[in-house]
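# with the sequence up front, the predicted model follows.
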Amino acid sequence: MDFIETYAPVGKLTIFRYLISLVGKYDWNIDQLDVGTAFFNPEVDEEDIYMTLPEGWPEGLNAPMMIVPIQKALYSLKLAPRLEYNDINTFLLFLEFTQSQADPNFYLNSDGILMLLYVDDISMLYPKNSMKAVIQVNARLMGKFKITNLGPARQFLGIKIIYEQHRTATGICLGQKALVTTILKRFNLQKPHNVSTAMEPNVTLDLAEDLGETEPKDIQGY
């Protein structure tokens with residue numbers, strides 16, 4: 001796809017909208033995979049990192065404090081996200097996926113399977129005739145990571161995915177009601193009231209450059 005070959009960085013939401021358009025246009029499938037305990041998978045092999053054992057272990061009130069090396073990543077470890085990404089990236093490349101130059105979290109392979117990663121969530125898009133290849137890829141991923149296939153994707157980055165069944169194909173709609181509701185609750189604006197616009201009605205606005213002004217005069221905060 002030409003979209004994959006672009007060298008310019010593209011935002012994740014832009015790629016997501018592009019992929020959703022493919023799902024709607026060609027009636028593709030889109031599955032959501034959840035990577036359980038994502039940051040506990042990769043091994044720490046770049047440098048020696050140590051930690052003190054938590055209070056109460058080893059057992060006994062008089063047990064001496066112990067410092068041990070970390071062999072696998074932990075959630076509190078600053079390196080954990082990078083180690084997790086390197087781990088899954090290496091494995092996807094091993095499975096002969098190609099990494100997009102537009103977004104390093106976007107992959108595709110010769111069977112037409114597209115994958116978009118976001119922390120511990122994976123959106124997998126594919127044509128219906130690639131089902132056999134998808135089953136094989138899922139089996140390889142589940143053999144390497146603790147992954148759960150949640151079925152048809154219902155949400156991504158706060159965007160709700162709604163499927164509408166038609167006679168010839170499945171339509172797809174996007175909504176952000178949950179995200180908007182969360183923002184309104186955060187700022188206590190669940191019950192806003194309409195107010196009139198604070199300006200004279202029927203006013204025609206002109207650009208300052210059209211009036212021969214190099215910059216607007218008498219600028220005041222609104």
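It's in. Numbers count the residues shown, from 1 in each chain.

# quickly list the domain ranges of the chain.
Here the domain parsing of the chain from automatic domain parsing is 19-153, 155-190.

# and the first one, end to end?
End-to-end distance for domain 19-153, by Cα to Cα, to the nearest Å: 12 Å.

# residue 179: what's it in contact with?
158, 159 (Cβ atoms under 8 Å, 6 or more residues apart in numbering). Using the backbone N, CA and C atoms, a C-beta is placed for each residue, glycine as well.

# name the SS class of it, please.
helix (DSSP: H, G, I helix; E, B strand; the rest coil).

# quick one: it from residue 157, how far?
From residue 179 across to residue 157, the span is 9 Å (Cβ to Cβ, to the nearest Å).

# low-confidence stretches in this structure?
When residues are selected by pLDDT under 70, those of the chain lie in 1-10, 37-47, 51, 54-65, 68-81, 165-170, 197, 208-222.

# where do the strands sit along it?
Here the chain has its strands, by DSSP state E, at 29-35, 50-52, 67-69, 98-99, 106-108, 114-118, 121-126, 147-152, 155-156, 159-165, 170-175.

# of all these, which one is nearest residue 12?
strand 114-118 (6.9 Å; Cβ to Cβ).

# can you give me the buried ones in that closest one?
114, 115, 116, 117 (16 or more other Cβ atoms under 10 Å).

# now for that strand, which elements pack on it?
On a contact count with 3 or more Cβ pairs under 8 Å, 6 or more residues apart in numbering; DSSP states H and E, strand 114-118 meets helix 12-26, helix 80-94, strand 106-108, strand 121-126.

# one more time with 7 Å
Strand 114-118 sits against helix 12-26, strand 106-108, strand 121-126, with contacts defined as 3 or more Cβ pairs under 7 Å, 6 or more residues apart in numbering; DSSP states H and E.

# sorry, back to before: any chance of the strands of the chain in JSON lines, with distance to residue 132 too?
Formatted as JSON lines, the strands of the chain follow (distance: least, Cβ to Cβ, whole Å):
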{"stretch": "strand 29-35", "distance to residue 132": "13"}
{"stretch": "strand 50-52", "distance to residue 132": "45"}
{"stretch": "strand 67-69", "distance to residue 132": "43"}
{"stretch": "strand 98-99", "distance to residue 132": "20"}
{"stretch": "strand 106-108", "distance to residue 132": "17"}
{"stretch": "strand 114-118", "distance to residue 132": "16"}
{"stretch": "strand 121-126", "distance to residue 132": "10"}
{"stretch": "strand 147-152", "distance to residue 132": "15"}
{"stretch": "strand 155-156", "distance to residue 132": "25"}
{"stretch": "strand 159-165", "distance to residue 132": "23"}
{"stretch": "strand 170-175", "distance to residue 132": "21"}
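
# so which of those comes closest to residue 17?
Closest among the strands of the chain, once you apply Cβ to Cβ, is strand 170-175, at 8.1 Å.

# buried residues in the closest one?
Result for strand 170-175 [16+ other Cβ under 10 Å]: buried residues residue 172.

# next one: stretch 15-30
15, 16, 19, 20, 22, 23, 24, 28, 29, 30.

# with distance to residue 104 added, can I get these in CSV?
Shown next, in CSV, are the buried residues of stretch 15-30 (distance: Cβ to Cβ, whole Å):
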residue, distance to residue 104
15, 11
16, 15
19, 16
20, 20
22, 20
23, 22
24, 26
28, 23
29, 24
30, 20
